[in-house]
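Enquirer: Mind looking at a prediction? Sequence and model below.
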Amino acid sequence: MHAQVLFAYLPVARLDHMVGESSRRRASQNLFHACMRRVLQPLEKAGGVGVRMKSGDGLVRRCHPILAVYAGDHPEQCLVSCTKTSECPKGVPAGSLGENVLCHLRDINDILEALESYDPVKQPREYAAWCGGMGIKPVLNPFWKFLPYANIYQSITPDVLHQLHQGVTKHLISWLQSAFGASELDHRCRCLPLNHNVRHFSKGISGFSRISGKEHAEMCKVLLGLIIGVPLRDNCSSDKLLCAVRGILDFLYLAQLPSHTDKTLDDMSAALNTFHASKSIFIELGIRDDFNFPKLHSLLHYTSSIKLFGTTDNYNTEHSERLHIDLAKDAYAATNRKDELPQMVAWLERMEKITRFDDFVRWRLGGRLPPPEEISPRVHRTRIQIARYPTASMTFDDIRRDYGAGNFRQALSRFLFHRANPGVTQSEHQDTISRFNLDFARVPVFQKVKVWIQDAQGRSEADDTLDVVHVRRRSKAKSGRKLPARFDTVLVNTSEPDERGGVQGEPRIFGERV
Ligand SMILES: [Zn+2]
């Protein structure tokens, strides 16, 4: 959609000519900040005194563009905030990083004041000593020092890709492998039934060498189901472990919601509290000594960042990582590999111009847009689709034998009776149902039902999710190969859309295996 624009390529020079690892590292930090300052220099004036900008309605307004958000992975966050990689880039932790305690945000005014009062070139020792006291690295001129209204410590945002998928959930999976044994989890993976929208790990999950964020997300879908009922060694109770895993998984899914309310933010905090209250099980099992790693601590900052900057999809590095392909790899592939940077920039500029011209041509050919009509809210309903003709017509005995649905006849009678007599109470219902006869002997059988499930948050612009339910008896393919039976499990959430917050209470079983 071209919502993000590439401003500059930053040098990744190794600085091999410099002697000493620490001076090389310091020089590369200073180089980064100097480059960023150059790239963002227009903001120094525009943010302060404003700049005239034309908006879509044709009006010109004075705007103050400022640095509001900095999205990056943990090493980048530490680089921009001049902090150590073992610490929280946003603040000074009140306890250890593994505790459920939010840190104190670093005071940007104190830091800016000190940056003003020392001359890092003339007073390098004093400057370094002061930086050491503040817990930041003695970078010459951090780029945000010059930007009006910028608070880099507030601007550092959560990052679902590196902090959750490639961070906490990655650790969680490895802890669970230590707790139960990788082979046990792999075996359970293989036993899981096939399911639409859920990846089937037919070789287990331990054999992967480099796991992508997407694969971690797929593993998370089955993780809780995998560990339920597995005994722990030394007769430890697995309840605490289940609570810890549930806490992290709930947090993972709530953190990715496309819109939030106070309630969902409270649920997020509650999920994190559940994890912290139960995490000691990993120490009891001897898997961890502590939880002092910055990615776990970073989860404490999610709710405040969402309140400030909106939902996490606004600043997930998944999108910017993907742009490495479009804006760097593809651009490099278009060059002759000699003195490639000017060629890459020229290529990108042309591509942008072509896209913009293309949009313009399409807009001109499309003619004037009709005046916007009042948009009626989309009617949301779960849609169900089955084939026009059934796969087979079968007697109740056949269904009992081939589909294992022993109570199908009674269940169907109860269903039809209830449809015909909606007001009848349960006890009267039971009395009459035994006398309720079905005057047909065969029923049509469909092997597949497609279900489109509406967006859980009822957003009108979101697409419905397709799910497929398979009900297939054992059969033979045309090639003679035996096809195993497949009976999917279906959970139906009958609560009102605005009450949906997961599955709670007693599950009601509709029919048996069908
Ligand atoms: Zn923190």
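Expert: That came through fine.
Enquirer: Do a quick rundown of the strands in this protein.
Expert: 51-54, 60-63, 91-92, 104-105, 383-385, 392-395, 442-445, 448-453, 465-472, 475-476, 482-483, 486-487 (DSSP state E).
Enquirer: Of those strands, which is nearest the ion?
Expert: The ion lies closest to strand 91-92 among these, at 4.5 Å (CB to the ion). Placement of C-beta: from N, CA and C, glycine included.
Enquirer: Enumerate the residues of this structure near the ion.
Expert: Residues of the chain lying near the ion by CB under 5 Å from the ion: 88, 90-91, 103.
Enquirer: tell me, which helix in this protein spans the most residues?
Expert: Looking across the chain with DSSP state H, the single longest helix is helix 21-49.
Enquirer: thinking in terms of the whole chain, how far from its middle is that one?
Expert: Distance of helix 21-49 from the chain centroid (CA atoms, centre = their mean, to the nearest Å) equals 31 Å.
Enquirer: and what of stretch 242-260?
Expert: Relative to its chain's centre, stretch 242-260 lies at 10 Å (CA atoms, centre = their mean).
Enquirer: buried residues in it?
Expert: By neighbour count with 16 or more other CB atoms under 10 Å, stretch 242-260 contains the buried residues 242, 244-255, 257, 260.
Enquirer: before we move on, back to that, ok, the residues of the chain next to the ion vs residue 65, which is closest?
Expert: residue 90 (22.8 Å; CB to CB).
Enquirer: wait, that closest one sits on residue 156?
Expert: Yes: Residue 90 is in contact with residue 156 according to CB atoms under 8 Å; the separation is 5.2 Å.
Enquirer: Give me the common contacts of the two.
Expert: residue 81 (CB atoms under 8 Å, 6 or more residues apart in numbering).
Enquirer: Which single residue of the stretch 301-450 of the chain ends up nearest the ion?
Expert: With CB to the ion, the shortest gap between the stretch 301-450 of the chain and the ion falls at residue 301, namely 5.6 Å.
Enquirer: Check the stretch 101-250 of the chain too.
Expert: residue 103 (3.5 Å).
Enquirer: For the chain, which helix or strand comes out least confident on mean pLDDT?
Expert: Ranked by mean pLDDT, DSSP states H and E, the weakest helix or strand in the chain is helix 426-433, scoring a mean of 68.
Enquirer: in the stretch 351-500 of the chain, what residue is nearest the ion?
Expert: Counting by CB to the ion, the stretch 351-500 of the chain gets nearest the ion through residue 457, at 28.6 Å.
Enquirer: With the flanking residues excluded, which residue is spatially nearest to that residue?
Expert: Spatial nearest neighbour of residue 457, excluding adjacent residues (CB to CB, 6 or more residues apart in numbering): residue 259 at 5.7 Å.
Enquirer: Now do the contacts for residue 391.
Expert: 445-447.
Enquirer: Swap in 6 Å and give it another go.
Expert: Residues near residue 391 by CB atoms under 6 Å, 6 or more residues apart in numbering: 445, 447.
Enquirer: Residue 316 now?
Expert: 160-161.
Enquirer: Can you read off the pLDDT for it?
Expert: You'll see residue 316 listed with a pLDDT of 89.
Enquirer: could we number from 54 for the rest of this?
Expert: Okay, residue one is now 54; in that scheme the one you just asked about reads as residue 369.
Enquirer: circling back: go through the longest helix of the chain and flag the buried ones.
Expert: So helix 74-102, judged by 16+ other CB under 10 Å, has buried residues 77, 79, 81-86, 89-90, 93, 96, 99-100.
Enquirer: Please identify the deepest-packed of the strands of the chain.
Expert: strand 144-145 (a mean of 18; mean count of other CB atoms under 10 Å).
Enquirer: Point out where the stretch 304-453 of the chain drops to low pLDDT.
Expert: Counting by pLDDT under 70, the stretch 304-453 of the chain has low-confidence residues at 422, 424-434.
Enquirer: Can you name the residues in contact with stretch 80-92?
Expert: Outside stretch 80-92, the residues within contact range by CB under 6 Å, 6+ apart are 60-61, 63, 68, 192-193, 195-196.
Enquirer: Single out whichever of those has the smallest pLDDT.
Expert: residue 193 (84).
Enquirer: pretty sure that one contacts residue 173?
Expert: Yes: if you go by CB atoms under 6 Å, residue 193 and residue 173 touch, sitting 5.2 Å apart.
Enquirer: Skip the chain neighbours and tell me the closest residue to residue 226.
Expert: Using CB to CB, 6+ apart and skipping residues adjacent in sequence, the residue nearest residue 226 is residue 272, 6.0 Å away.
Enquirer: Test my guess that that neighbour contacts residue 259.
Expert: No: applying CB under 6 Å as the test, residue 272 and residue 259 come out as separate, 10.6 Å apart.
Enquirer: Residue 249 reaches residue 522, doesn't it?
Expert: No: with contact defined as CB under 6 Å, residue 249 does not count as touching residue 522 (7.7 Å).
Enquirer: Need the max-distance pair from the buried residues of helix 74-102.
Expert: Maximum distance among these (CB to CB): 34.6 Å, for 77 and 99.
Enquirer: Quick one: residues contacting the closest residue to residue 181 other than its chain neighbours.
Expert: Closest residue to residue 181 apart from its sequence neighbours, by CB to CB, 6+ apart: residue 191 at 4.5 Å. Neighbour list for residue 191: 180-181, 184 [criterion: CB under 6 Å, 6+ apart].
Enquirer: again with residue 489
Expert: 466, 470.
Enquirer: Now do the helices in the stretch 404-553 of the chain.
Expert: Using DSSP state H, counting those that start in this stretch, the helices of the stretch 404-553 of the chain run over 449-456, 461-473, 479-486.
Enquirer: now those in CSV, with mean neighbour count?
Expert: Shown next, in CSV, are these (neighbours: other CB atoms under 10 Å):
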stretch, mean neighbour count
helix 449-456, 16
helix 461-473, 14
helix 479-486, 11
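Enquirer: Residue 221 is nearest to which of those helices?
Expert: helix 449-456 (42.2 Å).
Enquirer: For that closest one, name the packing helices and strands.
Expert: Here helix 449-456 touches no other helix or strand, going by 3 or more CB pairs under 6 Å, 6 or more residues apart in numbering; DSSP states H and E.
Enquirer: Leaving out chain neighbours, which residue sits closest to the residue of the stretch 204-353 of the chain found nearest the ion?
Expert: At 5.5 Å from the ion, residue 350 is the closest residue in the stretch 204-353 of the chain, using CB to the ion. Spatial nearest neighbour of residue 350, excluding adjacent residues (CB to CB, 6+ apart): residue 150 at 4.1 Å.
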